[in-house]
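Asks: sequence plus predicted model, see below.
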Amino acid sequence: MRVELVWSPQAGDVQQRWLEVVEGITLDAALRGCADFMAAHSQPLGQLRIGIWGRVRPLETVLRERDRIEVYRPLTVDPKEARRLRYAKRGQPIVSRHRPKHSG
């Protein structure tokens, strides 16, 4: 069975591998079987945030055909703060896209 493994060791660098694994394999075993991935991470797997198709999952999760395993890096800055800083740098106000309140 094939699963996809995607991780980003640093900003702007995305690594992707297709892994051939046996049916019934866990997320933990699949990651440990990928030498490229294990060489790139010094942290124990239990300390990493790992998900399947955008949802964080425990390492005991059994994989299914064509699952996409994603390893998430910790955020270096709060996304809301980053947006505020980008707008401040441009000198533009942050525009809200909320619908105006209905009067009546």
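Replies: Here it is on my side, so go on.
Asks: which ones are touching the residue lying closest to E20 once chain neighbours are set aside?
Replies: Spatial nearest neighbour of E20, excluding adjacent residues (CB to CB, 6 or more residues apart in numbering): R2 at 6.0 Å. For every residue, glycine as well, the C-beta is placed using N, CA and C. By CB atoms under 8 Å, 6 or more residues apart in numbering, R2 lies in contact with W18, L19, E20, V21, E65, R66.
Asks: in strands, which of those appear?
Replies: W18, L19, E20 (DSSP state E).
Asks: let's have those residues in TSV, adding pLDDT, distance to R57 and neighbour count.
Replies: Formatted as TSV, those follow (pLDDT from 0 to 100; distance: CB to CB, whole Å; neighbours: other CB atoms under 10 Å):
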residue	pLDDT	distance to R57	neighbour count
W18	95	19	9
L19	94	16	18
E20	94	20	8
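Asks: could you single out the nearest of those residues to P44?
Replies: L19 (20.0 Å; CB to CB).
Asks: quick check: which element contains A82?
Replies: Using DSSP states H and E, A82 maps to helix 79-90.
Asks: which residues in this structure form strands?
Replies: Using DSSP E, strands in the chain cover 2-10, 13-20, 49-52, 55-56, 68-72.
Asks: give me the neighbour count for the spatially closest residue to V22 that is not a sequence neighbour.
Replies: Residue nearest to V22 in three dimensions, not counting chain neighbours: M1, with 7.1 Å by CB to CB, 6+ apart. When counting by other CB atoms under 10 Å, one arrives at 14 neighbours for M1.
Asks: thanks a lot, see you next time.
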